[in-house]
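Visitor: have a look at this fold, sequence not included:
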């Protein structure tokens, strides 16, 4: 099992944060354009437990891959979890948590994933997948800072 953890502070209210992240169409905004990310089903619906979301993504050599996730748990406005049902991973579990802090919100992402292929999958993770996922989250962080501004509260 591979794990990645990310945190980011944004100058948003908890409600504003929830409203942005609970709308699937906003995922395209915070995903690097070169991945060709596209939601194939209704993207204007606020997420709900049991929701199935179909995506197309082009992570390698512009070759399209379909990815299906399910929103498995929601506790508005504190967190939601999505898990892969079909796609490039053997297992994908992504927890999105939102914590109110003075003058903003602290976003926590916990990603747990496994690749197919045993030893080959572990090697692919070391050489490519982990770096790619980290780059996607860095892009997301930069994009969110541009959209909402930097968190400026003294720590």
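Guide: Perfect, thanks for sending it. What you are looking at is a predicted structure, and each value in this text was computed from that prediction instead of being measured. Residues are numbered from 1 along each chain as shown.

Visitor: what are the buried residues along the helix or strand where residue 5 lies?
Guide: Residue 5 belongs to strand 2-10 when assigned by DSSP states H and E. Neighbour-count burial for strand 2-10, counted by 16 or more other Cβ atoms under 10 Å, picks out 2, 8, 9, 10. No exception for glycine: its C-beta is placed from N, CA and C like everyone else's.

Visitor: from these, pick the one nearest residue 40.
Guide: residue 2 (26.4 Å; Cβ to Cβ).

Visitor: and residue 83, how far from residue 136?
Guide: 18 Å (Cβ to Cβ, to the nearest Å).

Visitor: related to what we said a few turns ago, mind checking how far the strand holding residue 5 is from the chain centre?
Guide: For strand 2-10, the gap between its own C-alpha mean and the chain's C-alpha mean amounts to 10 Å (Cα atoms, centre = their mean, to the nearest Å).

Visitor: and the nearest residue to residue 55 once chain neighbours are set aside, how far from residue 148?
Guide: Ranked by Cβ to Cβ, 6 or more residues apart in numbering and with sequence neighbours excluded, the top spatial neighbour of residue 55 is residue 67, at 4.4 Å. Separation of residue 67 from residue 148 (Cβ to Cβ): 26 Å.

Visitor: any idea what the nearest residue to residue 4 once chain neighbours are set aside is bridged to?
Guide: Leaving out its chain neighbours, the residue that sits closest to residue 4 by Cβ to Cβ, 6+ apart is residue 111, at 4.5 Å. Assessed by DSSP bridges, residue 111 has beta-bridge partners residue 4, residue 94.
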